[in-house]
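Trainee: Mind looking at a prediction? Sequence and model below.
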Amino acid sequence: MKQIEAIIERAGDGTYSVYCKEEMFTGMGATSEDAQNNMLEQMQFYKQTAIKEGFAYPAFLDDEFEVVYKFDTKSLLEYYSGIISLSGMEKITGIHQKQLWNYLRTDTVPRRKQITKIENGLHLLGKELSSISL
């Protein structure tokens, strides 16, 4: 099964866009999920139009494929800011909340090591939460 990597970004107006890194497809929406769904709809629309009009389209559209979505760091922090405070993010990542604020509110781009800390912290939190039963 082909895997397609797509990046999710939050725009200045609060909407979301998603674009494939190596394919030509994009999507937009009010939420991350809306943008993802819009991109998948665009893929199907492109395929249907190509078949109808008789032009070539990417072969993976005929098979099963998986889209792997990735947030850029700033958009991820914005997306989850209403759920996890910067203080909470500091606790799970080990990155001081002032530095996280810089990633969130300025054009500061974190080094790969910092991105890995954020990813690992969120994955650990997800693992802990999924093991809870009530």
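Mentor: Cool, the structure landed. Note that the structure is a prediction, hence the values are computed from the model and not measured.
Trainee: and stretch 54-65, which residues are buried?
Mentor: Neighbour-count burial for stretch 54-65 flags 57, 58, 61 (criterion: 16 or more other Cβ atoms under 10 Å). Placement of C-beta: from N, CA and C, glycine included.
Trainee: The last one touches residue 45, doesn't it?
Mentor: Right, the one you point to is residue 61. No. Counting by Cβ atoms under 8 Å, residue 61 does not reach residue 45; the two are 10.7 Å apart.
Trainee: quick one: contacts for the residue lying farthest from the centre of the chain?
Mentor: Note on the chain: the largest C-alpha distance from the chain mean falls to residue 54, namely 33.0 Å (Cα atoms, centre = their mean). Contact partners of residue 54, counting by Cβ atoms under 8 Å, 6 or more residues apart in numbering, are absent.
Trainee: Can you check the pLDDT for it?
Mentor: pLDDT, residue 54: 95.
Trainee: do the same with the one 4 residues further on
Mentor: Predicted confidence (pLDDT) at residue 58: the value is 93.
Trainee: Report the helix or strand with the lowest average pLDDT across the protein.
Mentor: helix 73-80 (a mean of 88; mean pLDDT, DSSP states H and E).
Trainee: Could you export that one as PDB, keeping only the C-alpha atoms?
Mentor: Taking C-alpha atoms only, helix 73-80 is exported to PDB below (Å, rounded to 0.1, in the frame of the first residue of the first chain):
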ATOM      1  CA  THR A  73       5.300  22.400  14.900                       C
ATOM      2  CA  LYS A  74       3.600  25.800  15.100                       C
ATOM      3  CA  SER A  75       0.300  24.500  13.700                       C
ATOM      4  CA  LEU A  76       0.400  21.500  16.100                       C
ATOM      5  CA  LEU A  77       0.900  23.800  19.100                       C
ATOM      6  CA  GLU A  78      -2.000  26.000  17.900                       C
ATOM      7  CA  TYR A  79      -4.200  23.100  17.200                       C
ATOM      8  CA  TYR A  80      -3.800  21.600  20.700                       C
END
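Trainee: helices or strands up against the lengthiest helix in the chain?
Mentor: The residue-count maximum for a helix in the chain (DSSP state H) belongs to helix 32-53. Helices and strands touching helix 32-53, by 3 or more Cβ pairs under 8 Å, 6 or more residues apart in numbering; DSSP states H and E, are strand 2-10, strand 16-20, strand 26-29, strand 65-71.
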